[in-house]
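**Student:** Okay, here's the prediction I keep looking at, along with the sequence it came from:
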Amino acid sequence: MPTLKTTVDGLSLANPFIIGSGPPGTNLQVILRAFKEGWGGVIAKTVSLDSSKVINVSPRYAKLKSADQKEVIGWENIELISDRPFDKWLEEFKQIKDAYPEGVLIASIMEEYNKDAWCEITERCQDAGVDAFELNFSCPHGLPERKMGAAMGQDPDVLREVCGWVNAVSKIPVWAKMTPNITHIEDPSRASLLGGCEGISAINTIRSVMGVDLETLRPEPMVEGYTTPGGYSSKAVKPIALRMVMEIAQMIRKEFPGRSLSAIGGVETGRDAAQFILLGGDTIQVCTGVMKFGYPMVKQLCEELLEFMEGKGFETLAHFKGHSLDYFTTHAELVRMQAERKEAAKAKLVAKDGDWDGDDFVKQSNDLATN
Ligand SMILES: Cc1cc2nc3c(=O)[nH]c(=O)nc-3n(C[C@H](O)[C@H](O)[C@H](O)COP(=O)(O)O)c2cc1C
């Protein structure tokens, strides 16, 4: 019987499914609910030291639906990090760990480019008893205006320095969460690992504009008649997330064996999760999926992943992690392999009467002759 139990960076998880930072991990009540439903871990909504600077607007979400309007395919948000006081969060971290000591609780933290601020937020969350950190270098809207989030995540030198500050004071595992709004995601990932992080999380949302209302001619989501580009998530981003997870996993395998990778982007089923693990994910995060289907979806995620493992004879996640990474190559190599196969097929001799084909009849006849 296969098992979903896994240990990543010393963290023991009942299953690899972790709530991704966002509304599903936004306060004590919802995090307790997540653990009650059986999620292996929860990454809380990103916190900063001074929540008074965080002011949200509404509406702040916009959905892309299928042609029949029945299915949500893409989701844009212009939501900021947590607007709840940091001291309140610290109390709640303690209460959550008291209630679910075995649940893996990860604090997502973000600060401005200031060493003291990063050290303070790290030490205070750590003292509150969280199990690990995720550094949010990836929020694409609002925060970059304060040189935070994706603004930092696009600068490998800054990343390496900030990761170094956090790792100098952190006694628990640290993951750095990458922005997909960059050409080569390996560069900031490498910088974070060089800065001492145990792992990488990828991806955060993709910078986007959901649409333009053809009546009002205003872009959406509209706030007071205007909008600002937001972050795109949900099912539609899965192919992009898979590609980026694959690129980071290849880099980790080559340059940092043993470091971890937490995959995120559009996961809704156990079969989605299996694909991310085949491309190198150790854990699987879900954010928008929980907003669409609710916390109990974790049971189905686990069942479907176990079903896949049983079907393939995999006993543990380690048995198939990264298995499909070997099947990526360059386009030039695809062309060469295809030409080689076609040549080989052409050269195939007629072994049985059924192999004769009308097009190559003369060649096939000659190939069977000795001169
Ligand atoms: C409404 C909303 C709020 C989010 N807030 C945060 C956040 O505070 N910190 C963070 O690191 N990521 C945040 N994210 C990004 C998600 O954690 C995740 O990286 C992204 O949505 C892709 O995964 P998904 O398709 O499973 O949602 C947010 C996403 C959504 C949809």
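**Tutor:** Thanks, I have it.
**Student:** Show me which residues of the protein sit near the ligand.
**Tutor:** The chain comes close to the ligand at residues 20-23, 45-46, 75, 77, 79, 81, 108, 136, 139, 177, 204-205, 233-234, 237, 264-267, 286-289, as judged by C-beta under 6 Å from any ligand atom. Every C-beta, even on glycine, is put in place using the N, C-alpha and C of the backbone.
**Student:** Just the buried subset of those residues, please.
**Tutor:** Burial by neighbour count, judged by 16 or more other C-beta atoms under 10 Å, picks out 20-23, 45-46, 75, 77, 79, 81, 108, 136, 139, 177, 204-205, 233-234, 237, 264-267, 286-289 from the residues of the chain next to the ligand.
**Student:** In contact with the residue most central in space within the chain: list those residues for me.
**Tutor:** By C-alpha atoms, centre = their mean, the chain has its centre lying nearest to residue 264, at 2.0 Å. When contacts are counted by C-beta atoms under 8 Å, 6 or more residues apart in numbering, residue 264 touches 20, 201, 202, 203, 204, 241, 284, 285, 286, 287.
**Student:** now, which of those residues sits nearest residue 334?
**Tutor:** Looking at these and their distance to residue 334, the nearest is residue 241, at 22.8 Å (C-beta to C-beta).
**Student:** wait, that closest one sits on residue 265?
**Tutor:** Yes: in this structure, residue 241 is within contact of residue 265 by C-beta atoms under 8 Å, at 2.5 Å.
**Student:** Overlap of the contact sets of the two?
**Tutor:** Common contacts of residue 241 and residue 265 (C-beta under 8 Å, 6+ apart): 180, 202, 203.
**Student:** Show the contacting residues for the second one.
**Tutor:** With contacts defined as C-beta under 8 Å, 6+ apart, residue 202 is in contact with 177-178, 180, 185, 189, 241, 244-245, 248, 261-265.
**Student:** That one and residue 176: what is the separation?
**Tutor:** From residue 202 over to residue 176 the distance is 9 Å, taken as C-beta to C-beta, to the nearest Å.
**Student:** Pull up the overlap in contacts between those two.
**Tutor:** In terms of C-beta under 8 Å, 6+ apart, residue 202 and residue 176 are both contacted by the residues residue 189.
**Student:** just so I have it, where are all the helices in the protein?
**Tutor:** Taking DSSP state H as the test, the helices found in the chain are 28-37, 86-99, 115-127, 150-153, 156-169, 186-194, 238-255, 270-278, 288-293, 297-312, 331-346, 361-367.
**Student:** Save these as TSV, and put in mean pLDDT too.
**Tutor:** Formatted as TSV, the entries for the helices of the chain read as follows, by pLDDT from 0 to 100:
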stretch	mean pLDDT
helix 28-37	98
helix 86-99	98
helix 115-127	98
helix 150-153	85
helix 156-169	97
helix 186-194	98
helix 238-255	98
helix 270-278	98
helix 288-293	98
helix 297-312	98
helix 331-346	90
helix 361-367	86
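**Student:** so of the ones you listed, which one's packed in deepest?
**Tutor:** A comparison of these by mean neighbour count, using mean count of other C-beta atoms under 10 Å, puts helix 150-153 on top with a mean of 26.
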